[in-house]
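Peer 1: Quick check, what structure comes out for this input:
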Amino acid sequence: MRFALTLLLLASLFGLAQAADIARSTLPPEAREVMALIATGGPFPYKRDGIVFGNFEKRLPIEKRGYYREYTVPTPGLSHRGPRRIVCGGWETRQPDVCYYTADHYRSFRKIAQDASQ
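Peer 2: Just a heads-up that it's a prediction; the model follows:
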């Protein structure tokens, strides 16, 4: 038991522990809007949307630089970009291989799962 707790603590410290997937339909409405913009190629409301996400903390699977791109998910009531983001991976930006949602500015990620009807 102590060993398992130690492993879990180390995994969370190094960003290896991920929360469960999140269904696209259960994302905040603003995140679903961003996903729709990604599929159409924009236009995006923030200048930094679509820039390369470096994954320097290695909280996402390791890929070549340029594989991941980040997009702002607006937070109602804030006058700045806020902490919420979607990070998508793939070489085709309109049809990414995988996308992740973070509500805490990259401290944790949840893989966005396609709903069964999609």
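
Peer 1: Would you indicate which residues of stretch 94-107 are buried?
Peer 2: By neighbour count with 16 or more other CB atoms under 10 Å, stretch 94-107 contains the buried residues P96, V98, C99, Y100, Y101, T102, A103, Y106. (Each C-beta comes from the backbone N, C-alpha and C, glycine too.)

Peer 1: M35: which of those residues is nearest?
Peer 2: C99 (7.0 Å; CB to CB).

Peer 1: Can you name the helix or strand that the closest one falls in?
Peer 2: Per DSSP states H and E, C99 falls inside strand 98-102.

Peer 1: Can you tell me which helices and strands the helix or strand that that strand is followed by packs against?
Peer 2: Following strand 98-102 in sequence order, the next helix or strand is strand 110-113 (DSSP H and E). Secondary-structure packing of strand 110-113 (3 or more CB pairs under 8 Å, 6 or more residues apart in numbering; DSSP states H and E): strand 22-23, strand 98-102.

Peer 1: ends of stretch 43-59, how far apart?
Peer 2: Terminal residues of stretch 43-59 lie 28 Å apart, using CA to CA, to the nearest Å.
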